[in-house]
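K.L.:
Fold the following and give me the result.
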Amino acid sequence: MAGDQHYDVVVIGTGAGGGTLAHRLASTGKRVLILERGDYLPRERDNWDSTAVFVKGRYRAPEYWYDKDGNAFPPEVNYYVGGNTKFYGAALFRLRPEDFGELRHHDGISPAWPIDYHDLEPYYTRAEQLYLVHGRHGEDPTEGPAGAQYPFPPVEHEPRIQQLSDDLEKHGLHPFHLPIGVNLTQNEQGRAAHYSVCIRCDRVDGFPCLLGAKSDAQVICVDPALKHDKVTMITRAHVRRLGTDSSGRTVTAVVTELGDGSTVSFSADIVVVACGAVNSALLLLRSANDRHPRGLANSSDVVGRHYMRHNNLALMAVSKEPNPTAFQKTLALHDWYLGADDWDYPLGGIQMLGKSDAEQIHGEAPRWAGVITPDMPFEVLAHHAVDFWLCGEDLPHPDNRVTVDADGNVRLALDEKNNIAGLKRLRHKLQGMLGKLGMHEHHLLPHSIYLHKGMPIGATAHQAGTVRFGTDPESSALDVNCKAHDLDNLYVVDTSFFPSIGAVNPSLTAIANALRVGDHLAERLG
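P.N.:
Numbering: from 1, shown residues only. This next block holds a predicted model:
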């Protein structure tokens, strides 16, 4: 492959940010090169096998990072076309309007963004349309105004989850239909219509979709973008570093190791980094040169800092009645998102997880020793399981950071007790309601198979914040359009740009921002 090819835009990464941006630019007629470190995810029966996906980690990248004490751990990362959206649960929430302003938490301040909710709202609406989001605006009392209703009605609750919703309402709460991106057509009974791509199965959360029915970045954005003649993608293309001209103001070389071991260099008028918050920061740090001794875009010394990943708990309750639900991820609750009667600080949100099965519960067994009664076999437990995801905000501390050591190893320093008081209270709220919700009051089990075997530092699915944007070059790496302050043609469009992370899944915000930056780039390119 010739190494002197020049493009209008090079996009590095194909996830929620990079894939969406490539899709936005595909129709401009500009020459766009997409570089993806991985390959297409193989379609095989293991895609839907709990033991393969969760217990054995078949699709997880075979790499180890190191914590601040030098202990190695396997991160929850996947390198495939579509990025981590191949495995996400497709829960596509907007941040709350308050999340864009300064919020006081128990352990500190969640900083304000340089844009507000209304700046991003039109792009949230476009993102919901593009990613086929099913939901109903107006049900969640904490959400901001929406320019349009969701493009599709909510995924209907199955009977046990409908009962849960009814019981929550009886106690004065405001459950709502979880917004989710799936290519589903429902019939009058709420079941998948015979021509629906999505079949309403129990494999949506954490599994890749064999049918291409989940709204991941490959299906929604990358594959359609590649139908344009001037859009090209190279897979198994690992970008090692970025080179600049002698002034240090322009990226002139995207140095890439290909699958055959050879190294080539690409160039473009615009270079967009979208490798995920950890790997985008690492790429910039590894690209240090005489003009940028601390790494590209890093005159402020913030690149790699302020790493966030949410404070999450995956919990399994045990219903007194059987729970035969297949598609369980349909309900969420935000009544305590910003605070509670007995607590002045934000707690976070509760949403449903994908339905546990016996294989997942077998995988959890060693960590549940002594908790489960012997008269409840795993298969019975699975049939009664009701699975919850609790999400609280962590705060962007500068010492929570990503670095690369002299040997090229990835190091991730993390304070795992950052702002966890609200999450503990949220769990207590849920625990206290179990009896009123038809659940066994003393069974609320940690479902750590969704949280990387109970290792919080390894749970990197919601990573964000390492290349933050802002108006001050002294305290941010990117400007409001996500262009590096220090360079004229370098942009970052994954979740790295987040100054704070809120307490909802970050994917829709990354998608909406990619559309916003895409509009800016389309105008810049003429």
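K.L.:
Against which helices or strands is the least confident helix or strand in the chain by mean pLDDT packed?
P.N.:
Ranked by mean pLDDT, DSSP states H and E, the weakest helix or strand in the chain is helix 358-364, scoring a mean of 80. Secondary structure elements in contact with helix 358-364, counted by 3 or more CB pairs under 8 Å, 6 or more residues apart in numbering; DSSP states H and E, are helix 50, helix 378-384. Just so you know, the C-beta spots here come from the backbone N, C-alpha and C atoms, and that holds for glycine as well.
K.L.:
Swap in 7 Å and give it another go.
P.N.:
For helix 358-364, the helices and strands in contact under the criterion 3 or more CB pairs under 7 Å, 6 or more residues apart in numbering; DSSP states H and E are helix 378-384.
K.L.:
CA atoms only for the helix or strand following the helix it packs on - export them in PDB, please.
P.N.:
Sequence order places strand 385-392 as the next helix or strand after helix 378-384, per DSSP states H and E. Provided in PDB are the C-alpha atoms of strand 385-392 (Å, rounded to 0.1, in the frame of the first residue of the first chain):
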ATOM      1  CA  ALA A 385     -33.700 -13.100  38.600                       C
ATOM      2  CA  VAL A 386     -34.500  -9.400  38.100                       C
ATOM      3  CA  ASP A 387     -31.400  -7.500  37.100                       C
ATOM      4  CA  PHE A 388     -30.600  -3.900  37.800                       C
ATOM      5  CA  TRP A 389     -27.800  -1.400  36.900                       C
ATOM      6  CA  LEU A 390     -27.100   1.500  39.200                       C
ATOM      7  CA  CYS A 391     -25.200   4.300  37.800                       C
ATOM      8  CA  GLY A 392     -23.600   7.200  39.800                       C
END
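K.L.:
Let me see the mean pLDDT of strand 385-392.
P.N.:
Computed over strand 385-392, the mean pLDDT rounds to 95.
K.L.:
ok, now stretch 399-408?
P.N.:
On average, stretch 399-408 scores 95.
K.L.:
Can you report how many residues neighbour Met433?
P.N.:
Residues contacting Met433 under the criterion other CB atoms under 10 Å number 17.
K.L.:
Give me the pLDDT for it.
P.N.:
What the model reports as pLDDT for Met433 is 96.
K.L.:
Which helix or which strand is home to it?
P.N.:
Using DSSP H and E, Met433 sits within helix 421-433.
K.L.:
and stretch 314-322, how far out from the chain's middle?
P.N.:
How far stretch 314-322 lies from its chain's middle: 26 Å, per CA atoms, centre = their mean, to the nearest Å.
K.L.:
What average pLDDT does that stretch get?
P.N.:
For stretch 314-322, mean pLDDT is 93.
K.L.:
How about stretch 148-157?
P.N.:
pLDDT averaged over stretch 148-157 gives 98.
K.L.:
Show the end-to-end separation of it, please.
P.N.:
23 Å (CA to CA, to the nearest Å).
K.L.:
Check stretch 46-55 too.
P.N.:
End-to-end distance (CA to CA), stretch 46-55: 12 Å.
K.L.:
which residues does Ala253 contact?
P.N.:
The contact partners of Ala253, taken as CB atoms under 7 Å, 6 or more residues apart in numbering, are 242-243, 265, 267.
K.L.:
Quick check on those: which are buried?
P.N.:
Among the contacts of Ala253, those classed as buried by 16 or more other CB atoms under 10 Å are 242, 267.
K.L.:
Reformat the contacts of Ala253 as CSV; add pLDDT.
P.N.:
CSV is the format used below for the contacts of Ala253 (pLDDT from 0 to 100):
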residue, pLDDT
Leu242, 98
Gly243, 98
Ser265, 95
Ser267, 97
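K.L.:
Among the contacts of Ala253, which ones are in strands?
P.N.:
242-243, 265, 267 (DSSP state E).
K.L.:
so, if you compare those, which one comes nearest to Ser476?
P.N.:
Ranked by distance to Ser476 (CB to CB), the ones in strands among the contacts of Ala253 are led by Leu242 at 19.0 Å.
K.L.:
Report the spatially nearest residue to that closest one, omitting neighbours in sequence.
P.N.:
Distances taken as CB to CB, 6 or more residues apart in numbering place Ser287 nearest to Leu242, at 4.3 Å, with adjacent residues excluded.
K.L.:
on that earlier part again, what's the spacing between the least confident helix or strand of the chain and its chain's center?
P.N.:
24 Å.
K.L.:
pull the CA atoms of it into CSV?
P.N.:
Presented in CSV, the C-alpha positions along helix 358-364 are these (Å, rounded to 0.1, in the frame of the first residue of the first chain):
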residue,chain,number,x,y,z
ALA,A,358,-28.0,-20.0,34.4
GLU,A,359,-24.6,-19.8,32.7
GLN,A,360,-24.0,-16.2,34.0
ILE,A,361,-25.1,-17.3,37.5
HIS,A,362,-22.8,-20.3,37.4
GLY,A,363,-20.0,-17.8,36.6
GLU,A,364,-20.9,-15.7,39.6
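K.L.:
What are the boundaries of the helices in the stretch 51-200 of the chain?
P.N.:
117-130, 159-170 (DSSP state H, counting those that start in this stretch).
K.L.:
Present the ones you listed as a markdown table; the columns should include distance to Ser27.
P.N.:
A markdown table is the format used below for those (distance: least, CB to CB, whole Å):
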| stretch | distance to Ser27 |
| --- | --- |
| helix 117-130 | 13 |
| helix 159-170 | 39 |
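K.L.:
where along the stretch 251-400 of the chain do the strands fall?
P.N.:
Secondary structure of the stretch 251-400 of the chain by DSSP state E, counting those that start in this stretch: the strands cover 251-257, 263-273, 311-319, 331-333, 349-352, 385-392.
K.L.:
buried residues in the shortest one?
P.N.:
Spelled out, it's strand 331-333. Buried residues in strand 331-333, defined by neighbour count with 16+ other CB under 10 Å: 331-333.
K.L.:
how about low-confidence regions in the stretch 201-350 of the chain?
P.N.:
Scanning the stretch 201-350 of the chain for pLDDT under 70 picks out nothing.
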